[in-house]
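K.L.:
Test case, fold it:
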Amino acid sequence: MHRVPRQLALLAVFTGSAAFTGALHAAEADSGLYAGVALGWVSAPDLSASGIDAALASGLPPSQTSGVTNGSTAWQVFAGYRFNRHFAFEMSYNYISDMGFTTYVPSLSAIGAGDWSGYDVDGVLVASLPIGERFAVFGKAGAAFYDVQLEAMPTTGSVTYKFVGEATGWSPALGVGASFTFAEGWAVRAEWDMLFNVGNSNTTGRSDLSRWLVGVMLAF
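P.N.:
Okay, the predicted model is just below:
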């Protein structure tokens, strides 16, 4: 039976320990917290004049809505934790700026502006595919809690009739995007997100939300 020389055994142990330590450090480097901000555009393609009139009917006489703007600016703040290079969990707050319209109430001879706005808070799992050292593509899936409001203020003379409708609820949240690391810990990313059936037909009107965002991210 051949004995392994002591020096060779020590070398093997040292090499194995170094490899394990290196792998551990690499895993640690790929995990950790991150946060960022983003700005972009959100659209509600299903938000319609007839849908708004149906919602306004819960608090106003029959109305005639026109000039619905189905999009507005959006901004996002987000933070997450990377488990490794491929998977992370992320939370975000997303603000939906006013989408305006004009409503006319014939029986009151009143006309005025209105808007549809709100926010959503999303929790998603993020799956990433690194391409080289700096570039990555990713997909997101999870759930979003939303709170949207419909406001209208038709006016006649000195009298203003104010309507406020609100809807809260949950929606699936999906998204895809890409990121590019331009400095140590810093990256830019662009993404497209979707929420579904946001709002309530009886109080605010309802629509899917499509959101395009570009932002910057810092990994800690």
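K.L.:
rest of the way, CA atoms for contacts and neighbours
P.N.:
Noted.
K.L.:
Quick check: can you list the domain ranges of this structure?
P.N.:
1-30, 31-219 (automatic domain parsing).
K.L.:
Mean pLDDT lowest where, among those?
P.N.:
In terms of average pLDDT, domain 1-30 trails the rest of those, at a mean of 45.
K.L.:
Give me the residue at the spatial middle of the chain.
P.N.:
residue 94 (5.4 Å; Cα atoms, centre = their mean).
K.L.:
still on that earlier bit, highest average neighbour count across the domains of the chain: which stretch is it?
P.N.:
Stretch with highest mean neighbour count among the domains of the chain: domain 31-219 (a mean of 18; mean count of other Cα atoms under 10 Å).
K.L.:
part of a strand, is residue 202?
P.N.:
No: under DSSP: H, G, I helix; E, B strand; the rest coil, residue 202 sits outside any strand and is assigned coil.
K.L.:
my guess is it meets residue 50, correct?
P.N.:
No: Residue 202 is not in contact with residue 50 according to Cα atoms under 8 Å; the separation is 11.7 Å.
K.L.:
Which parts of the protein are strands?
P.N.:
With strands called from DSSP state E, the chain shows them at 32-43, 64-66, 71-82, 87-105, 110-131, 135-152, 155-156, 159-160, 163-183, 186-200, 205-219.
K.L.:
For those, give me TSV that also has distance to residue 54.
P.N.:
Shown next, in TSV, are those (distance: least, Cα to Cα, whole Å):
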stretch	distance to residue 54
strand 32-43	20
strand 64-66	10
strand 71-82	20
strand 87-105	12
strand 110-131	14
strand 135-152	12
strand 155-156	19
strand 159-160	20
strand 163-183	12
strand 186-200	11
strand 205-219	8
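K.L.:
Would you mind telling me which of those strands is nearest residue 55?
P.N.:
Closest approach to residue 55 among the strands of the chain (Cα to Cα): strand 205-219, 5.8 Å.
K.L.:
That closest one vs strand 135-152, what angle?
P.N.:
Angle, strand 205-219 to strand 135-152, by axes from the mean of the first three to the mean of the last three Cα atoms, to 10 degrees: 140 degrees.
K.L.:
and the angle from strand 205-219 to strand 110-131?
P.N.:
Using the same axes, to 10 degrees: strand 205-219 against strand 110-131 is 40 degrees.
K.L.:
which residue sits closest to residue 204, ignoring its sequence neighbours?
P.N.:
Closest residue in space to residue 204, ignoring its immediate chain neighbours: residue 150 at 5.0 Å, by Cα to Cα, 6 or more residues apart in numbering.
K.L.:
Residue 115 now?
P.N.:
residue 100 is the one closest to residue 115 (Cα to Cα, 6+ apart), at 4.2 Å.
K.L.:
cool, and residue 177?
P.N.:
Counting by Cα to Cα, 6+ apart, the residue nearest residue 177 is residue 191, at 3.9 Å.
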